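Visitor: Structure for the following, please:
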Amino acid sequence: MCGIAGAIAIGNQTTITDSVIVPMCDSIKHRGPDGDGYALSSHFPPLNKEFCQSFDHNRPFQLGHRRLSIIDLSTNAGQPMVDSTGKYLLVFNGEIYNHQELRVELEKAGMMFKTSHSDSEVLLNGLIAYGKSFIEKLNGMFAFCFMDLEHDYTLFVRDRLGIKPMYYSVIKDTLYFASEVKALRQVPGFNMSIDKTALFDYSVFSSVKAPKTLFTDTYKLQPGHLFEMKLGEISEQKCYWDLKDIKKRKSNFTSEKAGLLAHFDNAAKRRMIADVEVGVLLSGGVDSTANLATLSKYSETPISAFSIGFKNEKGYTNEFKYAQLAAKRYNTKYYELEITYNDYLKDLSNTVQFQDMPIADTANPMIYRIAKKAKEEGITVLLGGEGSDELLIGYSHWSFAAKYQSLLKDSKSKAKLLSSIHSMPYLNKKRQVYREWYPKTKSGYTHFAGGTEVRGAESARFLLSEDIQKELKDYSPLDDIQKMYEEFKQNSDFDYFDWMTYVDLNYRLPELLLARLDRMTMGASIEGRVPFLDHEFAEYCFSMPNEYKFSDNTEKYILKKSFEGLLPNEILYRPKEGFHLPLNQIIMSNQDELNSNISSANKQFGFYREDIKLSDDYTSRQNYNLVNLSVWSNQL
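Guide: I've put the predicted structure just below:
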C-alpha cells in the first residue's frame, strides 16, 4: 500500500533535524508514487508540501507517508491520517481486509467517518475506540504507528505473520522508524557499522532474523509483535500473537477438506478488495493456480496472470506449459516473460537496491521483472502463493527430517543410531544441510533449523575472516533457533512437522519469502498479497492433524484432494518446481565477474577470509549467498 517513516523524540530531547522526514520519504518513493503527506509538531517550520499538517505538542515528532493508492483513492484517505479532534494520528502500511465489517461495528459504537471506505480510517477509529486490543479484530497485513497526542503515547505494530516490514533505530536520543532501512540511512548519525553476529546469521540462513538487522543499532519489529512509547520511554517488543498458542484439534478428513476450502475461499476473496485491478503471479503450481481459480470465480472480467521462465537451453526446460494450461482453463489474460541468463544477472544488480537488507533469495530478480511488467499493464496488486508449503507440509525433505526425529526419540542407543544414519548412502546424496544433521544433533541442537539454512554454522564460521571469528567467540546462529525449539516442544500436542511449520513461519517466511515479495513488488510500485497467509487460514491449518497434510507419501495431500475437480490434475499432481532456476549454470558461467565482485566487497568490508570465491564444491544456494551479499555491499 505505501511506505511510512517517522521521528519521535525520546525523553526530554528536542533536537530532531529539521525536515529529516522529507529525504526519508523520498528514499522510499517507489513504495508510494501516488503522493506524499506529512505531520509535524510545532517545533519545526512548515514544509513546502501540499499535504503537511502542524500540531501543537510538547514532544517533537515528524511523520511521513508515501502513498500507493489501492483502497479509497480519494485525497480524504491520504496519510498521515488525523481524527476530527486533532488528538490522534496514524501512518499505516498495508491493508485491512475486513475493514467494511469493522466500520459497521465502529459506527454502531458512535465513531464518525469522513471517508466512504478507507481502511486507514477504520484502523485509526478502531484504535481510538478500543486501544491496542483492536489489533485482535484485524484481518490483514500491516505495519503502523499510532499516536495519541493528548496522552503522549505511541503504538508501533507489525502484522501477525510479518507480511509488512517495520525498521527502527535510536539516533541521538530520537526514535526513527520506517518501512525500509534506506529511509533510516538518510538520518544524520545513522550507524553504518555491520553487526558481526548478523553477518554470521546471514551466512547460515541467507537473511537475518528479527529483531536484528545487518546494521548495528538498527532493528526490525518482529512479526506478531508491538512496542509502545509512553511519555518518551520506549518499551521492549511484546508478542501479541503466536501460533504455538493454537490448540490441535481432532476431526475427520471430509470435514477438514470442507473447512480448508471455505477458509481459503474467504481468504482469497478478501484479497480481491481494491479500487484497482488485481492480478496473479502464476507459476503453474498448485498454490498460484488455486489463487487464480478462486479469483476467477469471483471476477466478472478475466484475471491478469504473469509467468516467467528462462529460454529453453541445453540441460534446462522451462515450465510454461503448466502456466499456459492454467491460463487457458480460467480464461485468463496471460502474460509470459521469457528471459536469458544475462537478463537474470542484470536484474540481480538492479534489484539489490530494493532488497534494502541482503535477502539471498534466488527468485528476487524474477519477481521484480514480473512486477514491472504488471505495472506496465496497469496492475497494482499481485497475489502470490507464499505460505502454503509451510502450513501444509509442501517440502519433500520434511518427511525425512520427521523420520530422523522419530528415530532419535525412539532409539535406545542414540550414538550408534546417529552414526549409522550419517553413513547411509541415500542420506549423503541429499544436499549438504542433510549431511550436517548428525554433527548438529551430536552438539545438542535440533537438526531442522529452518528451510533457509544453506550451510552449517561451522562451515559458515570457516568462511569469515579471522578477526570476525575471534570477535564472535562462541556465538552460534543456531542458539536462538534452539531456544525457540525448547520452548515449542513444551506443548505435547505438537510433533516435529509442527515444529518445522513453526520455525519456517517465524523465520523463512518473514525474513526471506515475504521479504522478497514485499521488496520486489514494491520496488515496482506493486502491492503483493498472500491469501495462504490469512491469519485465520494459518490458524486453521496449523491446528489440523498432520496426517491429513502429508499422506500416501504426498505433500500437501489435503490441499490437493480439496481442489480435485477445481484445478487440473496435471497441475495438482505435477512435480514441485516453484520458480525453477538453473542457478548453477548462471553462476559458474559468470564466475570470473562474480568473483571479482566478491573480492572487491571483501577488500572494503573484510567480511570473509582473503581467498574467498565461488566454488564447484558449494551448492548453488551457497554460491548465491556470497554473490548477493557482495552485490549489496558494493552498492552501499
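
Visitor: mind checking how far Glu338 is from Ile308?
Guide: 8 Å (C-beta to C-beta, to the nearest Å). Placement of C-beta: from N, CA and C, glycine included.

Visitor: no, scratch that, I was asking about Arg271
Guide: Relative to Ile308, and taking C-beta to C-beta, Arg271 is found at 21 Å.

Visitor: All the strands of the stretch 501-636 of the chain, residue numbers only.
Guide: For the stretch 501-636 of the chain, the strands defined by DSSP state E, counting those that start in this stretch occupy 527-529.

Visitor: Next: the stretch 101-250 of the chain.
Guide: 140-148, 153-158, 167-171, 174-178, 218-220, 225-230, 233-234, 238-239.

Visitor: what's the most buried one of those strands?
Guide: Most buried of the strands of the stretch 101-250 of the chain by mean neighbour count (mean count of other C-beta atoms under 10 Å) is strand 174-178; its value is a mean of 26.

Visitor: strands paired with it, and their directions?
Guide: Paired strands of strand 174-178, with direction, are strand 2-9 (antiparallel), strand 167-171 (antiparallel) (DSSP bridges).

Visitor: Show me what the last one is in contact with.
Guide: Under the criterion C-beta atoms under 8 Å, 6 or more residues apart in numbering, residues 10, 156, 175-181, 183-184, 187-191, 213, 215, 217-221, 234 lie in contact with strand 167-171.

Visitor: okay, and the helix or strand of this protein with the least pLDDT?
Guide: Lowest on mean pLDDT, DSSP states H and E among the helices and strands of the chain sits helix 425-428, with a mean of 53.

Visitor: nearest spatial neighbour of the residue nearest the centre of the chain, skipping sequence neighbours?
Guide: Nearest to the mean C-alpha position of the chain, by C-alpha atoms, centre = their mean, lies Leu514 at 2.3 Å. Using C-beta to C-beta, 6 or more residues apart in numbering and skipping the chain neighbours, the partner closest in space to Leu514 is Ile163 (5.4 Å).

Visitor: same question, Lys269
Guide: Spatial nearest neighbour of Lys269, chain neighbours left out: Tyr298 (5.6 Å); criterion: C-beta to C-beta, 6+ apart.

Visitor: Over to Gly259?
Guide: Tyr540 (6.3 Å).

Visitor: Over to Ser179?
Guide: Nearest non-adjacent residue to Ser179 (C-beta to C-beta, 6+ apart): Gly3, at 4.3 Å.

Visitor: From the rest of the structure, what touches stretch 555-563?
Guide: 253, 256-257, 260-261, 286, 290, 293, 388-389, 392-396, 398-399, 544, 548-551, 554, 572-573, 576.

Visitor: So which of the residues you listed belong to helices?
Guide: Taking DSSP state H, the ones among the contacts of stretch 555-563 that sit in helices are 253, 256-257, 260-261, 286, 290, 293, 388-389, 396, 398-399, 572.

Visitor: Let me have those residues in a markdown table, extended by pLDDT.
Guide: Converted to a markdown table, the ones in helices among the contacts of stretch 555-563 look like this (pLDDT from 0 to 100):
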| residue | pLDDT |
| --- | --- |
| Phe253 | 97 |
| Glu256 | 98 |
| Lys257 | 97 |
| Leu260 | 98 |
| Leu261 | 98 |
| Val286 | 96 |
| Ala290 | 98 |
| Ala293 | 98 |
| Ser388 | 98 |
| Asp389 | 97 |
| Ser396 | 89 |
| Trp398 | 94 |
| Ser399 | 91 |
| Leu572 | 95 |
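
Visitor: Mark which of those residues are buried, thanks.
Guide: For the ones in helices among the contacts of stretch 555-563, a burial check counting by 16 or more other C-beta atoms under 10 Å picks out Glu256, Lys257, Leu260, Leu261, Val286, Ala290, Ala293, Ser388, Asp389, Trp398, Leu572.

Visitor: so which two of those residues are the farthest from each other?
Guide: Greatest spatial distance among these (C-beta to C-beta): Ala293 and Trp398, at 25.7 Å.

Visitor: Need the pLDDT of the closest residue in space to Asn628 that isn't next to it in sequence.
Guide: Leaving out its chain neighbours, the residue that sits closest to Asn628 by C-beta to C-beta, 6+ apart is Ala360, at 4.1 Å. With respect to pLDDT, Ala360 scores 95.

Visitor: ok, now which ones touch Ala360?
Guide: Here Ala360 is in contact with Tyr202, Ser206, Ser207, Val454, Leu512, Arg621, Tyr624, Asn625, Asn628, Leu629 (C-beta under 8 Å, 6+ apart).

Visitor: out of these, which is most surrounded?
Guide: The residue in those with the most neighbours, by other C-beta atoms under 10 Å, is Tyr202 (30 neighbours).

Visitor: Quick check: chain neighbours aside, which residue is closest to that residue?
Guide: Val208 (5.5 Å).

Visitor: Same question for Thr154.
Guide: Using C-beta to C-beta, 6+ apart, the closest residue to Thr154 is Met229 (4.1 Å).

Visitor: which residues touch the one you found?
Guide: Ile8, Ile10, Tyr153, Thr154, Leu155, Phe156, Leu175, Ser235.

Visitor: If we only consider those, which is nearest to Val122?
Guide: Leu155 (15.9 Å).

Visitor: I'd say that closest one and Leu127 touch.
Guide: Yes - the criterion here is C-beta atoms under 8 Å, and Leu155 meets it with Leu127 at 7.2 Å.

Visitor: shared neighbours, those two?
Guide: Phe146.

Visitor: so Ser476 sits right up against Ala460, yeah?
Guide: No - counting by C-beta under 8 Å, Ser476 does not reach Ala460; the two are 9.7 Å apart.

Visitor: So if I had to pick from these two, which one is more boxed in?
Guide: Shown here are Ser476 and Ala460; by other C-beta under 10 Å, Ala460 has more neighbours (22 against 19).

Visitor: Now name the helix or strand holding that one.
Guide: Element membership for Ala460, per DSSP states H and E: helix 457-463.

Visitor: what is the mean pLDDT for the helix or strand immediately after that helix in the chain?
Guide: Per DSSP H and E, the first helix or strand lying C-terminal to helix 457-463 is helix 466-472. On average, the pLDDT along helix 466-472 is 96.

Visitor: so what does helix 466-472 touch, helix or strand wise?
Guide: Judged by 3 or more C-beta pairs under 8 Å, 6 or more residues apart in numbering; DSSP states H and E, helix 466-472 is in contact with helix 196-205.

Visitor: can you give me the mean pLDDT across the helix it packs on?
Guide: Predicted confidence along helix 196-205 averages 98 (mean pLDDT).

Visitor: I'd like to know which elements it is packed against.
Guide: Using 3+ C-beta pairs under 8 Å, 6+ apart: helix 196-205 touches helix 457-463, helix 466-472, helix 620-634.
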